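Undergrad: coords below, sequence missing:
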């Protein structure tokens, strides 16, 4: 293994540890999402809650990937003939993939809440329902 690969795995582990530590307060305060009346009935709000709860788990998986790849010398997707920067990027991507997937899930949940519920955690609170109701929109608005 090259120095670039080892550096990527160490950096990935440090970033995963920082992400996990920063995610703990978010998880602790995530039940407050359901303080708004009717928010427990909203599928989009429940999706956001579950995506936030997954943050420390994804961070732990990234830490495990980083440590196991360092300790056991797992060869990554980049071969030895690759440029050091390409190997660095490929290893870092492998280690951080669980965290990136969780961040994408939170972004999708927030976008759904913004589009389908007008940015409110409780459906129909202070905004009008979109005129074109699809099945998903009806569930998010609590109309089914």
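TA: Yes, it's here. What you see is a predicted model; the values in this text were computed from it and never measured.
Undergrad: Geometric centre of this protein: which residue is closest?
TA: residue 102 (1.6 Å; Cα atoms, centre = their mean).
Undergrad: Quick check: buried residues in the longest helix belonging to the chain?
TA: For the chain, the longest helix by residue count, based on DSSP state H, is helix 84-117. Neighbour-count burial for helix 84-117 flags 87-88, 90-92, 94-96, 98-99, 102, 105-106, 109, 112-113, 116-117 (criterion: 16 or more other Cβ atoms under 10 Å). (Glycine included, C-beta is placed from N, CA and C.)
Undergrad: Please name every helix or strand in contact with that helix.
TA: Applying 3 or more Cβ pairs under 8 Å, 6 or more residues apart in numbering; DSSP states H and E, one finds that helix 84-117 contacts helix 3-29, helix 43-53, helix 55-72, helix 135-140.
Undergrad: any weak-confidence spans in this structure?
TA: Filtered on pLDDT under 70, the chain yields the residue ranges 1-2, 4-5, 74-85, 124-144.
Undergrad: contacting residues for residue 101?
TA: residue 58 (Cβ atoms under 8 Å, 6 or more residues apart in numbering).
Undergrad: what separates it from residue 33, distance-wise?
TA: 21 Å (Cβ to Cβ, to the nearest Å).
Undergrad: tell me the SS of the residue lying closest to residue 36 once chain neighbours are set aside?
TA: Nearest residue to residue 36, sequence neighbours excluded (Cβ to Cβ, 6 or more residues apart in numbering): residue 122, at 4.0 Å. Look at residue 122: counting by DSSP: H, G, I helix; E, B strand; the rest coil, its state is coil.
Undergrad: Isn't residue 122 up against residue 42?
TA: Yes: using Cβ atoms under 8 Å, residue 122 is in contact with residue 42, at 6.6 Å.
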